[in-house]
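> sequence first, predicted model second:
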Amino acid sequence: MGNSVEGLPYKNPGDADLARKAERDGVELVSDRLRKMMPECAFGELGTCCVMCYMGPCRIDPFGQGPRLGVCGATPDVIVARNFLRAATGGASSHAGHARELAILLLEIAEGKAPGYRIREEGKLLALAGKLGVPVDGRPVNAVAADVARKALEDFGRQDGQPMNWIRARASKTEYEKWERLGLIVSNPHNEIETAMHRTSMGNDADPLNLWVATLRMGMVDNFAGLMLATDLSDVIFGIPAPKVVSANYSVLKEGQVNIACHGHNPILASKVAEWADRLEKEAKEAGAERINVVGICCIGNELVMRYGVPYAGHEAQTELFLATGAIDAMVVDMQCIWPSLPAIAKCYKTRFITTVPFVKHPEAIHVDFRADRADEKAQEIVRHAIAAYRDRKSSGIRVQIPEASASLLTGISVESLVAVLSAVNREDPLKPVIDAVASGDIAGAVGVVGCPNPKLRDSAMTEKMVALLLRNNVLVVTTGCVNHILAQAGFLTGEATEKYAGPRLKKVLTAIGHAAGLGGPLPPVLHMGSCVDNSRIYDLLAALAGKLGVEISQLPVAGSAPEFITEKAISIGSFFLSAGILVHVAPAPRIFGSPFAVSVLTEKLPGINGGKALVAATPDGAAAGIMAHIREKRQALGLPQA
């Protein structure tokens, strides 16, 4: 494959500067805790540690030097499959909970019970209504919205065994029929989660294959009751993202301003904090600040930047470092990826750490019970906490150190906005330029790079180096989640990155599209499609391309990669893309290698059933080589020339 990327300047200098500051301040960081934890438990890494009952815990040595069965008789294949399914269930429940909150909010808006919110995208609402069979002609928008919300919530209480409304409405006919043949169509997401927890408890399912099929079904729950439902309803309520250029990295913090960092995932909270930050600017000035500056961390950073252009701060693993700047007056969180270490670090810098969700609390945090029916009142309370903290911190002489590290990115690439950009090239058939470029080999294929910044792999610049290799081999990259922060800070989300990193054929295509769309330069080679729930946008794009070509998604020269995953949510997202028949690369290694059966299913058996396959590679070169081999194989099967 060639094109080494060793020596490229990927390291964010701000990280090192702030790590040194934290050390001087006596603040322990994730890197310190990780070092103390080494070596990590090998049984856990292999997936052969079982804590399902109190005859254990049991640990199975897959190399034959110890017990071969758990006390109950469970084999390593059963233990690994149960553990993996439970991880996928944790991820799917997180995304489904996120989506269900949005469905409830949409119903409350329609019924006049959430006065701080409104429907921003009537067009998308009506399109969803049409797919769901909700009447629209002559009806008020709120009446349609109420019925759409009820269709979403109906699935969470469904007991008739019928397919989920969102699967019937949003899956392509080809994919639906394939999933139906394979027994992967799900009904009630809550029932599926309940059954997964039941079947993995002691004394139940001991068939490894049955457990792996359940994992693929959990992936379906994750996409259709979580990712897709959340994205669809967020677009309706908060607006469809549109392209915009925004600032990123540590320099988005501003000394002399009230800095509020929003961290988490659901835009219900953060959208109101951003709104009231503008409306309470006078109070901030009375406290001696220039203005109120809201920035986004982790996936809420993606939600805020995509829709509102709120400055794009940093990823999950940088959250502690952002606190260590001493510049943040309040960190406001909702749910998911909120490390328990954060309130103690915030306390060191007199930053007010504010939790807002009943099931995400911390004894050292301020808790503001944020509810949609009192959203404006609660958002004002939160912003006033930040203003008060600014006044207190200023008088306390907290030392501020904001690294000069800065970047910019082109964001807001929803499927709708991408189609609008491509329409500048071909108004009658916007996807045709992409399909033609793939057919000719100018675009070798596409990879969805998603997920987290794992501290185990951050020092190796795993994500940046892998993406650089893919781009040099004319592979288009689309991204969701915290990897967006990584790649934005490294300069991959700009038109200049096309000149720097893209192979000559990919560069030609992106330059032509960018100029036709009036961007004044190339389209970036890495397209920012949003937060972790916006992985459904990637599915929608693949489904549209497959539909135009008359093939299954599994036949496309595409892949997914979570090159530094951390959470259970990455497991459930990956499980869905496996169920869709896509190659899924992951690093670090998932906890499956204690089970030869699991390895066989994910690398040998599944590809012959639906095309899905797992690739484990913990180096940039290994990951890129494996992905490129897969893309070449898919191109050959379609009779396309090699790129």
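Done, it's in.
> got a pLDDT number for the residue minimising distance to the centre of the chain?
The chain has residue 532 as the residue nearest its centroid, 1.7 Å off, counting by CA atoms, centre = their mean. The per-residue pLDDT reported for residue 532 equals 95.
> equivalent analysis for residue 459, please.
89.
> repeat that for residue 10.
For residue 10, pLDDT reads 52.
> now do the helices in the stretch 301-450 of the chain.
319-324, 342-348, 375-396, 415-423, 432-440 (DSSP state H, counting those that start in this stretch).
> closest to residue 292 out of the ones you listed?
Within the helices of the stretch 301-450 of the chain, the stretch nearest residue 292 is helix 375-396; the backing value is 6.8 Å (CB to CB). No exception for glycine: its C-beta is placed from N, CA and C like everyone else's.
> and the closest residue to the residue nearest to the centre of the chain other than its chain neighbours, what does it touch?
The shortest distance from residue 532 to any non-neighbouring residue, by CB to CB, 6 or more residues apart in numbering, is to residue 481 (4.4 Å). Contacts for residue 481 were tallied using CB atoms under 8 Å, 6 or more residues apart in numbering; they are 299, 302, 450-452, 531-532, 535.
> still on that earlier bit, compare the helices of the stretch 301-450 of the chain and give me the one nearest residue 286.
With CB to CB as the criterion, residue 286 lies closest to helix 375-396 of the helices of the stretch 301-450 of the chain, at 8.5 Å.
> tell me the mean pLDDT over that closest one?
The pLDDT scores in helix 375-396 average 96.
> then stretch 237-254?
97.
> centre of the chain to it, how far?
Chain-centre distance of stretch 237-254: 16 Å, with CA atoms, centre = their mean, to the nearest Å.
> could you do stretch 12-21 as well?
With CA atoms, centre = their mean, you get 25 Å for stretch 12-21.
> now swap in stretch 205-217 and tell me
25 Å.
> one more: stretch 214-227?
Mean C-alpha position of stretch 214-227 versus that of the full chain (CA atoms, centre = their mean) differs by 15 Å.
> stretch 568-585 now?
With CA atoms, centre = their mean as the basis, stretch 568-585 stands 12 Å off its chain's centre.
> next one: stretch 477-488
Worked out by CA atoms, centre = their mean, stretch 477-488 lies 9 Å from the chain centre.
> now swap in stretch 635-643 and tell me
Centroid separation for stretch 635-643 versus its chain: 31 Å, with CA atoms, centre = their mean.
> what residues sit buried inside that stretch?
With burial defined by 16 or more other CB atoms under 10 Å, the residues of stretch 635-643 counted as buried are 635, 640, 643.
> pLDDT of the helix or strand encompassing residue 479, averaged?
Secondary structure from DSSP states H and E places residue 479 in strand 475-481. Mean pLDDT, strand 475-481: 98.
> parallel or antiparallel, which strands does that strand pair with?
Within its sheet, strand 475-481 is paired with strand 445-451 (parallel), strand 526-528 (parallel), according to DSSP bridges.
> tell me which other helices or strands whichever helix in the chain runs longest touches.
For the chain, the helix with the greatest residue count under DSSP state H is helix 76-110. Secondary-structure packing of helix 76-110 (3 or more CB pairs under 8 Å, 6 or more residues apart in numbering; DSSP states H and E): strand 49-50, helix 141-157, helix 189-199, helix 208-221, helix 228-238, helix 267-279, helix 568-579, helix 596-600.
> need the ones you listed in JSON lines with mean neighbour count, can you?
What follows is the helices and strands packed on helix 76-110, written out as JSON lines (neighbours: other CB atoms under 10 Å):
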{"stretch": "strand 49-50", "mean neighbour count": "22"}
{"stretch": "helix 141-157", "mean neighbour count": "19"}
{"stretch": "helix 189-199", "mean neighbour count": "18"}
{"stretch": "helix 208-221", "mean neighbour count": "23"}
{"stretch": "helix 228-238", "mean neighbour count": "26"}
{"stretch": "helix 267-279", "mean neighbour count": "23"}
{"stretch": "helix 568-579", "mean neighbour count": "28"}
{"stretch": "helix 596-600", "mean neighbour count": "17"}
